[in-house]
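Novice: Predicted coordinates and the sequence they were generated for:
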Amino acid sequence: MSDQRSRAELFRSLHIPSDPIVLVNAWDAASARIVEAAGARAVATTSAGVAWSLGAPDGDVLGRELATELVGRVAGAVSVPVTADIESGFGTTPERVAETVRAVLAAGAVGVNLEDAAPGGGPGLREAADQSGRLAAARAVADGVGVPLYVNARVDTFLRGAGGLPETLDRAAAYLRAGADGIFVPGVVDPATVAALVAGIPAPVNILAGPGAPTVPDLAKLGVARISLGSAVAEAAYAVVRRAAEEAYGSGGYDALAGALDYGSVNELMRR
């Protein structure tokens with residue numbers, strides 16, 4: 001527990017607006033080790049990549065047991081702190097969310113993302129009071145075991161077109177009162193809006209980045225403390241699979257495989 005507590009404290013300390021933590025989200029042990037070897041200060045899972053790799057769609061479909069087992073595999077594969085994307089908590093009530101957080105902590109993670117999207121992939125968002133109860137349950141579990149779990153509250157207003165800046169700031173304030181440590185606002189990369197989020201949220205702000213988004217240094221200048229690549233890395237990896245398959249079954253060529261990591265390097269990485 002002391003080692004996990006130390007990793008949790010380290011992970012918490014990495015959320016610095018002038019020097020944001022960058023999370024290249026992994027979905028299995030191999031991708032986690034590749035990210036760590038590239039210099040990651042922490043590893044985050046992507047719920048979508050995890051679900052896809054285990055044969056399920058993203059969006060509260062994958063079972064808790066499979067999800068937390070995967071988190072354990074990732075946490076056991078790397079030496080840096082691991083934070084887990086747990087979708088809506090794999091539970092319909094705060095009590096069930098608490099069970100998930102307890103399992104994630106037992107798996108070795110030191111952080112969680114908890115989203116406020118409507119249950120079952122439906123339109124809109126949960127009521128802020130409902131989500132606050134879920135966040136409070138997550139906080140209580142962590143406090144009970146003595147691990148300073150980093151609770152990252154995801155606000156899906158922009159991602160789902162369910163509210164603008166005022167609604168986002170109102171939800172962020174409620175979630176922080178409920179025990180969240182940071183606020184994740186995916187779906188927005190406009191510098192003016194990002195700056196307004198940073199100014200209006202008295203906690204570390206997490207932005208989802210990718211092609212077309214401001215660079216890491218530019219987001220740091222805006223005061224962002226955490227930058228995630230989300231499911232985009234898994235999507236890019238699966239794009240290689242599709243190109244390779246289409247080429248092999250089409251022209252009969254193999255050019256899509258150019259630039260691949262060599263067998264020996266990957267195999268050696270997994271021996272560690």
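Specialist: Ah, there it is. Residues are numbered from 1 along each chain as shown.

Novice: quick one, helices of the protein?
Specialist: Taking DSSP state H to define them, one finds helices in the chain at 2-13, 29-37, 47-53, 64-77, 94-106, 128-145, 165-177, 191-200, 216-221, 232-249, 263-271.

Novice: And these: which comes nearest residue 20?
Specialist: Closest to residue 20 of the helices of the chain is helix 216-221 (C-beta to C-beta; 5.3 Å). To be clear about C-beta, it is placed using only N, CA and C from the backbone, and glycine gets the same treatment.

Novice: Tell me the gap between the closest one and the middle of its chain.
Specialist: Remark: helix 216-221 is offset 19 Å from the chain centroid, using C-alpha atoms, centre = their mean, to the nearest Å.

Novice: Over to stretch 211-224?
Specialist: With C-alpha atoms, centre = their mean, you get 18 Å for stretch 211-224.

Novice: what does stretch 130-148 give?
Specialist: The answer for stretch 130-148 is 18 Å, by C-alpha atoms, centre = their mean.

Novice: How about residues contacting that stretch?
Specialist: The contact list for stretch 130-148, computed with C-beta atoms under 8 Å, 6 or more residues apart in numbering, reads 1, 4-5, 8-9, 12, 88-89, 94-95, 97-98, 101-102, 105, 110, 112, 114, 116, 125-126, 149, 151, 153, 171, 174-175, 177-180.

Novice: Now list the buried members of the residues you listed.
Specialist: The neighbour count (16 or more other C-beta atoms under 10 Å) marks 4, 8, 12, 88-89, 94, 97-98, 101-102, 105, 110, 112, 114, 116, 125-126, 149, 151, 153, 171, 174-175, 178-180 as buried among those.

Novice: Show me the shaky parts of this structure.
Specialist: 1, 120-121 (pLDDT under 70).

Novice: Taking the centroid of it, which residue is nearest it?
Specialist: residue 85 (4.4 Å; C-alpha atoms, centre = their mean).

Novice: for that one, which residues make a bridge with it?
Specialist: Here residue 85 sits in beta bridges with residue 113, as judged by DSSP bridges.

Novice: Could you verify my assumption that it touches residue 51?
Specialist: No: Residue 85 is beyond contact range of residue 51, at 9.8 Å (criterion: C-beta atoms under 8 Å).

Novice: re the thing from before, now the helices of the chain as a markdown table including distance to residue 185?
Specialist: A markdown table is the format used below for the helices of the chain (distance: least, C-beta to C-beta, whole Å):
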| stretch | distance to residue 185 |
| --- | --- |
| helix 2-13 | 19 |
| helix 29-37 | 23 |
| helix 47-53 | 17 |
| helix 64-77 | 23 |
| helix 94-106 | 21 |
| helix 128-145 | 14 |
| helix 165-177 | 6 |
| helix 191-200 | 6 |
| helix 216-221 | 12 |
| helix 232-249 | 16 |
| helix 263-271 | 34 |
